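# What would the 3D arrangement of this be:
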Amino acid sequence: MDEVLIAVVRTLISFLLLVIVTLAIGKHINSHKNHYSFALSITVGSCIANMGFDTNIDFLNIFISFIVLVILFYLFLILSSKNRLFRRWLSGRPTILMEKGKILDENMKKLKFTMDDLNQHLRELGVFDINEVEYALLEVSGVLSVKKKNRFLPLAKADMNMDPGPSASIPIELIMEGKVISKNLSPPYTLQWLESEANKRGITLHDIYYAVINSNGTLFIDLFKDHLPGDSERMDR
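Next up, the predicted model:
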């Protein structure tokens with residue numbers, strides 16, 4: 001019984017510790033944008049597993065190892081943000097696979113990257129004709145970045161001297177799951193304005209499940225009860 005209790009407590013502490021660390025540096029760990037963040041994510045998972053489930057390992061020792069690992073990663077983040085040379089050494093550099101429409105065979109061989117690999121990555125990016133590619137770079141994360149030749153680029157409004165209109169903004173959520181998000185209520189989207197908009201639609205705020213100001217500035221409202229065509233028929237069935 002004591003062993004079961006110890007395992008439960010170790011697992012709980014390990015989980016809470018992982019949540020705290022993830023809140024602090026989770027964006028860097030989850031992104032896998034470089035070698036050391038990928039290595040850290042694997043090592044962190046191993047440490048947490050041993051800390052929580054392997055009762056043969058002293059909890060304090062594995063806990064200290066975990067803390068040292070997180071501190072080391074954080075120090076690397078600070079150094080890489082202040083020193084470009086260190087950042088390049090730690091994170092690596094992208095490798096050019098295609099330049100000016102030509103495949104760089106030597107770079108492909110160094111990475112053991114085959115034409116099948118290149119074609120697969122291009123297809124995943126929606127490029128089925130390699131002749132459309134001007135530049136192709138394999139990022140440190142393993143993702144292929146592609147720049148198409150100018151004649152294959154989609155036509156933009158700027159190319160036709162068109163007015164692009166107002167820039168899009170981040171959506172502002174006003175009501176989530178029936179609860180008003182007070183911190184997002186600021187002029188011109190005040191509580192009074194929201195109530196007025198609800199009244200125009202013949203509803204109250206209590207009827208709204210979700211309300212958001214879209215990126216184009218329009219108000220979207222979803223109700224708790226959506227009266228869809230055929231609802232009565234489905235209920236009868």
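# for this structure, longest helix please?
helix 2-31 (DSSP state H).
# Do me a favour and average the pLDDT over that helix.
Along helix 2-31, the predicted confidence averages to a pLDDT of 74.
# Tell me how far the closest residue to residue 66 other than its chain neighbours lies from residue 76.
The spatial neighbour of residue 66 that comes closest, neighbours along the chain excluded (Cβ to Cβ, 6 or more residues apart in numbering), is residue 47 at 4.5 Å. Placement of C-beta: from N, CA and C, glycine included. If you measure residue 47 against residue 76 using Cβ to Cβ, to the nearest Å, the figure is 17 Å.
# From the contact counts, what lies against the longest helix of the chain?
Secondary structure elements in contact with helix 2-31, counted by 3 or more Cβ pairs under 8 Å, 6 or more residues apart in numbering; DSSP states H and E, are helix 35-53, helix 59-82.
# could you redo the last one with a cut-off of 6 Å?
helix 35-53 (3 or more Cβ pairs under 6 Å, 6 or more residues apart in numbering; DSSP states H and E).
# Mind pulling up the pLDDT for the residue lying closest to residue 114 once chain neighbours are set aside?
Excluding the flanking residues, the one nearest residue 114 by Cβ to Cβ, 6+ apart is residue 108, at 7.4 Å. Reading off the per-residue confidence, residue 108 sits at a pLDDT of 91.
# what's around residue 108, how many residues?
Residues contacting residue 108 under the criterion other Cβ atoms under 10 Å number 18.
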